[in-house]
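Chemist: got a predicted structure plus its sequence, pasted below:
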Amino acid sequence: MKWRYLRQGLFFGVVRLSALIITLALMGIIVFLLLNGFRAVTWDFLTLPPTDSMTKGGIMPAIVGTFYLTVGAISVALPLGVVSAIYLTEYAKQGRLIRILRVGVNCLAGVPSVVFGLFGLGFFVVFLKFGSSILAGALTLGILILPTIIGAAEEALKAVPQTFREASLALGVSKWRTISRIVLPSALPGILTGAILGVGRAAGETAPIMFTAAAFFTALLPKSIFDEVMALPYHIYVLATAGTHIEQTRPLQYGTALVLIALVLGIDLIAIVLRGMVRRKKRW
Amino acid sequence: MTSRVREIIIRNLFAFLAFISVMLLGLIVLFLFREGLPLFKQISVNRFLFGSAWYPTYNPPEYGIWPLIVGSVIVTAFSCLIAVPFGLLSAVYISEIAPAWIKEILKSIIELLAGLPSVVLGFFGMVILAPWMQETFDLPTGLNIVNASLMLAVMAIPTISSISEDALYAVPREYKEASYALGATKYETIVKVAIPAALSGISTAVILGMSRAIGETMVVLMVAGGAAAIPRGIFDSVRPMPASIAAEMGEAPFQSGHYHALFATGIVLFIITLIFNLIADHISNRFKEEGSGTL
């Protein structure tokens, strides 16, 4: 009898320990980057371009590039994702076609990021002749986050009570008006959360933009969507692995990594907090 | 335009737009093959997959990706050895044991961990883990299988944990209550009732975690060491497939054999993850209708 409770205590201990280790892993990575990076992150670092063959100066072009790529990606993925989710939850009836659609979305979600990069290279850069550009990179990232957006939007739409739709339809309102005036506004905060998470994901990805958009170094800011850009994740990779000044540019690497995780985790945190607020405020 | 016509137009338009994601999947396949298949005019599929030498820049070049496949499989397997217990145990903790407030915090932490950019993990592995490992174990290099597996595990844990947690959460209350009513302890209920009942979801979680690990690029690019040879021990360097693609695509001349070989490697990687995802989809779909009447 005693052994049964001892075993339980032991198991609970192991379970708690694993949760603790995961927490410490995240904290460890963040604290380590903070400690090493905070000295590098100054106002000049954020607002100046790199100088002296990227051994000094700041990361402003990379911040701007990541901003453009991310905004481009979300403006492709959000409309498409929301429309897909509306079709899946509001219009589609269960059947073979829908099954194919679901499997397709799930498989798209599982495609490795480097394969998205290859696809972006083969399709956008080479076949459509966009060249290595903001346009090609943003479209590639947009496809990458599409499944995330679809999933979040679907969940938000499903959470709208069926009675809302029935009440509207009972008043003689057409299906589309019901969706656009009743269902979508109720689901909006949830959809927004998904969009923010998508932005965070797009901002941190490296492999999809390596061959489609990212430049080693640009002195000037991009002038059109057909220009190459620097991007924060790629900048970290370049500084940390290429060139002859790897040790010398360590502070710059830490600084860039800190800016990137502050950006990405900040965005994710906003989404998490927002979602919590939506759930608590829900009146239905 | 009458509202009836408008309804029909909207419905069909939405259906079309929804199928764009499936079409994109088709386009990905099309363009991978378009750029990858020309390689097989030069060498046979067999020689490509099982050839043991990857010397794409030699003259004549050798395009055997067997060492790359082995590298991918090894780091994925090792990372799962770490990620599966951590992912599953943390899921058990969140869904069965933790008080509500810890549960909320821990779920957020796991979500943040999932959001950590892979290049940052790669960087961490390079500047912290690698030098430490090299000194502690007196190795020629800290960029090796163990380091890459550890960092990959960090990426796979959130996937495994959150999907397993959903699966555990979906186990009907009655099962657990019946178990308690028979006098089982909480431990016995978790291990003998909840986990077996959630097994299909947990398997899905593990498969998707593996899929995530094998396709992950930046971590293996930065910390696996990059040696395109069959490793002899766990502290050897390897060059998994995604690392090879990412590292070499920039230098491979356009439309050269090397370029086609990297796309062909992409096809292999794509097919592997596609199979993983189809299996996961099949499992989760097949066992979905599991109410209190079944089992």
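Modeler: Yep, it's here.
Chemist: can you give the domain ranges for chain B?
Modeler: B:3-36, B:39-286 (automatic domain parsing).
Chemist: neighbours around residue B:225, how many?
Modeler: Residue neighbour count, defined by other C-beta atoms under 10 Å in any protein chain shown, stands at 23 for residue B:225. For the C-beta atoms, the positions are set from N, CA and C on the backbone; glycine is no exception.
Chemist: now do the phi/psi pair for it.
Modeler: Backbone torsions for residue B:225, taken as degrees, to the nearest 10, come to phi 100, psi -40.
Chemist: how close does it get to residue B:240?
Modeler: In this structure, residue B:225 lies at 10 Å from residue B:240, with C-beta to C-beta, to the nearest Å as the measure.
Chemist: now list whatever residues contact both of these two.
Modeler: A shared contact of residue B:225 and residue B:240, defined by C-beta atoms under 8 Å, 6 or more residues apart in numbering or on different chains, is any residue touching both; here these are residue B:148.
Chemist: now for residue B:281: which residues touch it?
Modeler: Remark: with contacts taken as C-beta under 8 Å, 6+ apart, residue B:281 is in contact with A:102, A:103, A:106, A:107.
Chemist: can you pull the buried residues of stretch A:119-135?
Modeler: A:119-126, A:130, A:132-135 (16 or more other C-beta atoms under 10 Å in any protein chain shown).
Chemist: near chain B, from those?
Modeler: Among the buried residues of stretch A:119-135, the residues lying close to chain B (C-beta under 8 Å from any C-beta of the partner chain) are A:119, A:121, A:122, A:123, A:126.
Chemist: and what about the first one, helix, strand or coil?
Modeler: Meaning residue A:119. Under DSSP: H, G, I helix; E, B strand; the rest coil, residue A:119 falls in the helix class.
Chemist: my read is that it contacts residue B:31, right?
Modeler: Yes. Because the distance of 5.5 Å satisfies C-beta atoms under 8 Å, residue A:119 is recorded as touching residue B:31.
Chemist: hmm, back to that, near chain B, which of the contacts of residue B:281 show up?
Modeler: Under the cut-off given by C-beta under 8 Å from any C-beta, chain B has A:102, A:103, A:106, A:107 from the contacts of residue B:281 close to it.
Chemist: could I get these in JSON lines, plus columns for neighbour count?
Modeler: Formatted as JSON lines, the entries for these read as follows, by neighbours: other C-beta atoms under 10 Å in any protein chain shown:
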{"residue": "A:102", "neighbour count": "18"}
{"residue": "A:103", "neighbour count": "17"}
{"residue": "A:106", "neighbour count": "21"}
{"residue": "A:107", "neighbour count": "23"}
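Chemist: max pairwise distance over the residues you listed: which two?
Modeler: The span of the ones next to chain B among the contacts of residue B:281, defined through C-beta to C-beta, is set by A:102 and A:107 at 9.6 Å.
Chemist: which one of the domains of chain B lies closest to residue A:210?
Modeler: Of all these, it is domain B:39-286 that lies closest to residue A:210, at 6.0 Å by C-beta to C-beta.
Chemist: just how off-centre is the closest one within its chain?
Modeler: Using C-alpha atoms, centre = their mean, to the nearest Å, the mean C-alpha position of domain B:39-286 is found 4 Å from that of the whole chain.
Chemist: now do that domain, average pLDDT.
Modeler: Averaging the model's pLDDT scores along domain B:39-286 yields 93.
Chemist: could you do stretch A:230-243 as well?
Modeler: Confidence for stretch A:230-243, expressed as mean pLDDT, is 90.
Chemist: and stretch A:6-17, by the same measure?
Modeler: Per-region confidence: stretch A:6-17 scores 93 on mean pLDDT.
Chemist: ok, now stretch A:119-126?
Modeler: Mean pLDDT, computed over stretch A:119-126, is 95.
Chemist: how close does the most centrally placed residue in chain B get to residue B:144?
Modeler: Compute the mean C-alpha point of chain B, and by C-alpha atoms, centre = their mean the closest residue is residue B:212, 1.4 Å away. The span separating residue B:212 from residue B:144 equals 21 Å under the rule C-beta to C-beta.
Chemist: please enumerate the helices of the stretch 51-200 of chain B.
Modeler: Per DSSP state H, counting those that start in this stretch, the stretch 51-200 of chain B carries helices over the ranges B:66-92, B:100-115, B:118-124, B:130-136, B:145-169, B:173-181, B:186-189, B:195-197, B:199-215.
Chemist: of these, which approaches residue A:214 most closely?
Modeler: Proximity to residue A:214 (C-beta to C-beta) singles out helix B:118-124 among those, at 11.3 Å.
Chemist: do that closest one and chain A meet at all?
Modeler: Yes. Using C-beta under 8 Å from any C-beta, helix B:118-124 reaches chain A at B:118, B:119, B:120, B:121, B:122, B:123, B:124.
Chemist: neighbour-wise, which one of the residues you listed leads?
Modeler: Counting by other C-beta under 10 Å, residue B:123 has the largest number of neighbours within the residues of helix B:118-124 next to chain A, with 30 neighbours.
Chemist: which residues does that one contact?
Modeler: With contacts taken as C-beta under 8 Å, 6+ apart, residue B:123 has the following neighbours: A:236, A:240, A:253, A:257, B:222.
Chemist: nearest spatial neighbour of the last one, skipping sequence neighbours?
Modeler: Closest residue in space to residue B:222, ignoring its immediate chain neighbours: residue B:122 at 3.3 Å, by C-beta to C-beta, 6 or more residues apart in numbering or on different chains.
Chemist: verify the stated contact: the one you found with residue B:219.
Modeler: Yes. Here residue B:122 reaches residue B:219: they are 4.7 Å apart, a contact under C-beta under 8 Å.
Chemist: shared neighbours, the two?
Modeler: When C-beta under 8 Å, 6+ apart defines a contact, the residues bordering residue B:122 and residue B:219 alike are residue B:151.
Chemist: pick out the residue of the stretch 151-284 of chain A closest to chain B.
Modeler: Here the residue of the stretch 151-284 of chain A nearest chain B is residue A:204; by C-beta to the nearest C-beta that distance is 3.0 Å.
Chemist: for the residue lying closest to that residue once chain neighbours are set aside, list the residues it contacts.
Modeler: Spatially, and ignoring its direct neighbours in sequence, residue A:204 is nearest to residue B:117 (3.0 Å; C-beta to C-beta, 6+ apart). Contacts were defined as C-beta under 8 Å, 6+ apart; by that measure residue B:117 touches A:203, A:204, A:205, A:206, A:233, A:260, A:261, A:264, B:218.
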